[in-house]
Structure formats: structure tokens, C-alpha cells
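In: The sequence isn't on hand, but the structure is:
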């Protein structure tokens, strides 16, 4: 292996980790949004938790 390919390996792993955490955050937000819309459709008053 050349030195260039050895230097590129950690960068690829780091990029994959950042991509995975972004996907996890996006999935978490989407699930929360769907749950909120589902609760509103079922007639749950979400503003009652703010007071």
C-alpha cells in the first residue's frame, strides 16, 4: 500500500461515521414528527404539556 492510500483510509472511516450520525438524527426527527402528527390526528392536545 502506498502512503496516499494509508492516509485516505481514516478519512473514509470518519466520513462514514459522520454520515451515519446524520442519518440517525434525521430518522429520530422524522419519527418524532410522525408521532406528533399521529397524536394530533387522534385528538391529543399537545399544547397541554407546555403549561
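Out: Nice, thanks for sending it over. Predicted, not measured: the structure shown is a model, and the values here were computed from it.
In: C-alpha from now on. contacts and neighbour counts both.
Out: Noted.
In: what's the neighbour count on residue 32?
Out: 12 (other CA atoms under 10 Å).
In: Residue 46 versus that one, what's the distance?
Out: Counting by CA to CA, to the nearest Å, the gap from residue 32 to residue 46 is 13 Å.
In: now do residue 27
Out: Applying CA to CA to residue 27 and residue 46 gives a distance of 21 Å.
In: next one: residue 36
Out: Using CA to CA, residue 36 is found at 8 Å from residue 46.
In: So for those two, which sits in the more crowded spot?
Out: Per other CA under 10 Å, whichever of residue 36 and residue 46 has more neighbours is residue 36, with 14 against 11.
In: Check which helix or strand that one maps to.
Out: helix 3-41 (DSSP states H and E).
In: Give the rounded mean pLDDT of that helix.
Out: The average pLDDT for helix 3-41 rounds to 77.
In: Could you shift the numbering so residue one becomes 4, and keep it that way?
Out: Yes, from this point I'll number from 4; that puts the last item at helix 6-44.
In: Any buried residues in stretch 31-48, and which?
Out: Residues of stretch 31-48 include none that count as buried (16 or more other CA atoms under 10 Å).
In: Need the contact partners of it.
Out: residue 49 (CA atoms under 8 Å, 6 or more residues apart in numbering).
In: let's see it at 6 Å
Out: Around stretch 31-48, nothing counts as a contact under CA atoms under 6 Å, 6 or more residues apart in numbering.
In: follow-up on the earlier one: please enumerate the shared neighbours of residue 35 and residue 49.
Out: With CA under 6 Å, 6+ apart, residue 35 and residue 49 have no common neighbours.
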